[in-house]
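Asks: Fold the following, please.
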Amino acid sequence: MVLSAMADATWWYRGGTSKHDLHYRREAEVNTTLEELLLYFVFLINLCILTFGMVNPHMYYLNKVMSSLFVDTSLPNDDRSSFRSIRSITDFWKFMEGPLLEGLYWDSWYNNQQLYNLKNSSRIYYENILLGVPRVRQLRVRNNTCKVYSAFQSLVSDCYGKYTAENEDLSDFGLKSDTEWKYSPSPANAPWHWGYVGVYRDGGYIFTLSKSKSETQAKFADLRLHSWITRGTRVVFIDFSLYNANVNLFCIVRLVAEFPATGGLLTSWQLYSVKLLRYVTHYDYFIASCEIIFCIFLFVFITQELRKLNEFKIAYFKSIWNWLELLLLALCFLAVSFYAYCNLQSFILLGRLLKNTENYPDFYFLAYWQIYYNNMIAITIFFAWIKIFKFISFNETMSQLSSTLSRCMKDIVGFAVMFFIIFSAYAQLGFLVFGSQVDDFSTFQNSIFAQFRIVLGDFNFSGIQQANWILGPIYFITFIFFVFFVLLNMFLAIINDTYSEVKADYSIGRRPDFELGKIIKKSYLNVLEKLRLKKAQDNEDKKIRKTTGDLAQQARKEGFNESEIQGAEQMKTWKERLEKKYYSTDLQDDDYQPVTQQEFRELFLYAVELEKELHYISLKLNQVMRKLQ
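Replies: Sure thing, here's the model as predicted:
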C-alpha cells in the first residue's frame, strides 16, 4: 500500500517517469562520469609530466648569467652605463668593442692558461660553447621618406622617417665592398621582430664575426671609422647561440639596439633557453613514452567527441563543456604539430652546423617557434585543469558556483558595458593629458594597464601630478571614486545578491540529487563490503533483518495480509529515520537544518499514511463500540 502510493505520487510528480527509472538513469550517468573522471585524471597526470619535463630550472639560471654578462656589464671607463642604459651611438660602439667582445671570446683560463685545445675555443663562462660565429645586422630607411614643412625645407635637407617595409633602404651604401655594406634579402619563413618603435623583418646589412678575437676587434674598429651606423640606421641586431652540455640546453641570445626617428637609442634583449636535443638521458626516453601515451589519449578523445557529435547533432554545440572540449582537442593537435615541426627543423639545422662551424647558425628561428610551442602547451594544460569542473559539477558547492554565474550573467554583461565605457573614457583622458610625459600613459594600451594598476594600488601619483598639477589630482580622485568605490562595489553586490538567492534556493531543496563525494563514498563502502572489511556493520544489518523478519512472520500468524505487513514495515522505517533526524533530544536550536523538497515529499506521504492508519483504527473502534452496545 505504501509502496504503491509512493510509486503513484512519484509517477505524477515526474510527469510519467518512475522514480526508480530516474534514479537508475541518474546513477548510471554519475557512474559514467566517475569512469571518465578517472580516465581524464590519467590523461592530466600524463600531460603534467610532459609539460614539466620540458621545463628545466637551469633555464632561468642560464638566462640570468648571460644577461649579467652581456646586458649588465659596465662599459669601459664608465661604471654607471651598460647595454641596458646606453643612449647614444658612441656608447653603442663602446659596448661592441668592450663588454660584447670580452664576453664572446673566452680562450684562456683565469690564470692565462689555454682553456681548451679545440677548434671552437670560445667557452663562455668556461661551460657554454659558442656555436658557429655571432652575427650582426642592421636595417635602414631611405632618405626623404618623410614630409618636411615648407617653411623648414631650407633648414632641413635630409629626412629619415620611421622604419616600415615601404621605407626600408634596399640599396648598397658606404664602401659597397663586403656583405655589411650590401643588402641581403629576408628569407621567406623568417619571423619578424617586434621592437619598441617598430616591427622589423629579417635580412638587411649583415656581417659575421670571426673566431679570432683580434680579427673581430679590428672589424669593429673599421666599421666605426667608416660610419657603418648612419642617420638612416633604424635597428641593429646582435645574434649568437650557445650550448651547455652539462644541462643539455641551448641559449639563443639576441641584443637589439633601436635608433628611433626621434634620435637617441633604445635597447632591448631576448634570451631563450630551450631544449632542442630531446632524447639524451633515460628520463628523456620516459618523457618520450608519455608523449606516445598523449597521442593515444588524443586519438581516443577525438573519437569520443566525433561519436557524441554524430549522436546529438546540433544539440552538441549547446553545451559550453563541449566547446571547451573542442578547444582543448584543437590545442592538443596544434601542440603535436608544432612539436613535430620543431624537432624536424632542429635535426636539419644541427646537421648543417656540424658540417660547417664557420657560419652563423640561425637558432633564433627554432627558439621562436619553441617559445610558441611552450606557450601553447601552457594554455593547453590551463584549459585541461579547467575541464575538471565538468566532472565535479555534481558537488553542491560547484553547483552553487555555476548557478550563481549563470544566473547573474545578464547583470554582469550590462555592468561590463558600463564599466568599460567609463574605463575607456578615463584611459583616453590619461593618454591625452599625461601621455607625452609619463611612461605609464605613453600609449593607449599602457594607459589601460596603468588604470588596472591603480585599482590594485600600484601607481605613481607624483608622476601625473607633476605632468599636470590641476588635471592630475582631479583625474586620480574621480577615477578612484567612480571605478573603485562605485563600480567595483556594484560588481561585488551583483555577485553577492545572486549568491544569496542561489543559497536560499538550495536551502529549500533545489540542490543536486547526487553529489560526487557521496557517490565516491558509496562506491568505497561497496568495495569494503566485497572485500569483507565491514563485518561489524554486516552483522548488525543481519540482526536488524532477522528481527524484522521475525516480526513479519509473527504478523502473518495473527492473520495480517502482506500489504498490511509491508505498510507497517515502511511506516516503521520512516518513523525511525524521521525521529532520528527531527525528534532527537541531542539537537539544539542551532542545529536546525532546512527541509529539502525530497524530504518534504516523504513527510507528506508519511502524513497521508498516518491519516489512513488513523481512519482504519477509527473504523475498528466503531465496530468494537457497536458490538459492546
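Asks: Let me see the ranges of the helices in the stretch 401-550 of the chain.
Replies: With DSSP state H, counting those that start in this stretch applied, the stretch 401-550 of the chain shows helices at 409-434, 444-456, 461-467, 471-479, 488-507, 516-530, 535-557, listed in chain order.
Asks: any idea which of these scores lowest on pLDDT?
Replies: Lowest mean pLDDT within the helices of the stretch 401-550 of the chain: helix 535-557, a mean of 54.
Asks: mind checking how far stretch 175-190 is from the chain centre?
Replies: On the basis of Cα atoms, centre = their mean, to the nearest Å, stretch 175-190 sits 40 Å off its chain's mean C-alpha point.
Asks: Stretch 132-144 now?
Replies: On the basis of Cα atoms, centre = their mean, stretch 132-144 sits 37 Å off its chain's mean C-alpha point.
Asks: same thing with stretch 473-487?
Replies: Mean-position distance between stretch 473-487 and its chain equals 31 Å (Cα atoms, centre = their mean).
Asks: Give me the distance between the two termini of that stretch.
Replies: Stretch 473-487 has an end-to-end distance of 20 Å (Cα to Cα, to the nearest Å).
Asks: Over to stretch 304-324?
Replies: First-to-last distance for stretch 304-324 - Cα to Cα - comes to 14 Å.
Asks: what does that stretch contact?
Replies: 325-326, 329, 383, 386-387, 390 (Cβ atoms under 8 Å, 6 or more residues apart in numbering). (C-beta placed from N, C-alpha, C; glycine too.)
Asks: Now that stretch: average pLDDT?
Replies: For stretch 304-324, mean pLDDT rounds to 85.
Asks: what sits against F95?
Replies: So F95 contacts 75, 82-83, 86 (Cβ under 8 Å, 6+ apart).
Asks: Please enumerate the helices of the stretch 1-150 of the chain.
Replies: So, for the stretch 1-150 of the chain - with DSSP H, counting those that start in this stretch - the helices run 2-14, 19-53, 58-70, 89-95, 101-104.
Asks: So among the contacts of stretch 304-324, where is pLDDT lowest?
Replies: Comparing the contacts of stretch 304-324 by pLDDT, K390 comes last, at 77.
Asks: Counting by contacts, list what the helix or strand hosting it packs against.
Replies: Assessed by DSSP states H and E, K390 sits inside helix 388-391. When contacts are defined as 3 or more Cβ pairs under 8 Å, 6 or more residues apart in numbering; DSSP states H and E, helix 388-391 packs onto helix 19-53.
Asks: if you set the cut-off to 10 Å instead, what comes out?
Replies: With contacts taken as 3 or more Cβ pairs under 10 Å, 6 or more residues apart in numbering; DSSP states H and E, helix 388-391 sits against helix 19-53, helix 320-355, helix 396-407.
Asks: Of all these, which one is nearest V608?
Replies: helix 19-53 (16.3 Å; Cβ to Cβ).
Asks: ok, the closest residue to G463 other than its chain neighbours to A257 distance?
Replies: In space, and not counting its chain neighbours, G463 is closest to V438: 4.7 Å by Cβ to Cβ, 6 or more residues apart in numbering. According to Cβ to Cβ, to the nearest Å, V438 stands 25 Å off from A257.
Asks: higher neighbour count, those two?
Replies: A257 (25 against 22; other Cβ atoms under 10 Å).
Asks: check which helix or strand covers that one.
Replies: strand 249-258.
Asks: so what secondary structure elements neighbour the helix or strand following that strand?
Replies: Counting by DSSP H and E, the next helix or strand C-terminal to strand 249-258 is strand 266-274. In terms of contacts (3+ Cβ pairs under 10 Å, 6+ apart), strand 266-274 is packed against helix 58-70, helix 89-95, strand 193-194, strand 233-244, strand 249-258, helix 364-386.
Asks: How about exporting strand 266-274 as CSV, limited to the C-alpha atoms?
Replies: The C-alpha trace of strand 266-274 is given here as CSV (Å, rounded to 0.1, in the frame of the first residue of the first chain):
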residue,chain,number,x,y,z
LEU,A,266,66.7,52.2,-27.2
THR,A,267,68.0,48.8,-26.1
SER,A,268,66.2,45.5,-25.6
TRP,A,269,67.2,41.9,-25.4
GLN,A,270,65.8,38.4,-25.7
LEU,A,271,67.4,35.3,-24.1
TYR,A,272,65.8,31.9,-24.9
SER,A,273,66.9,28.8,-23.1
VAL,A,274,65.4,25.8,-24.9
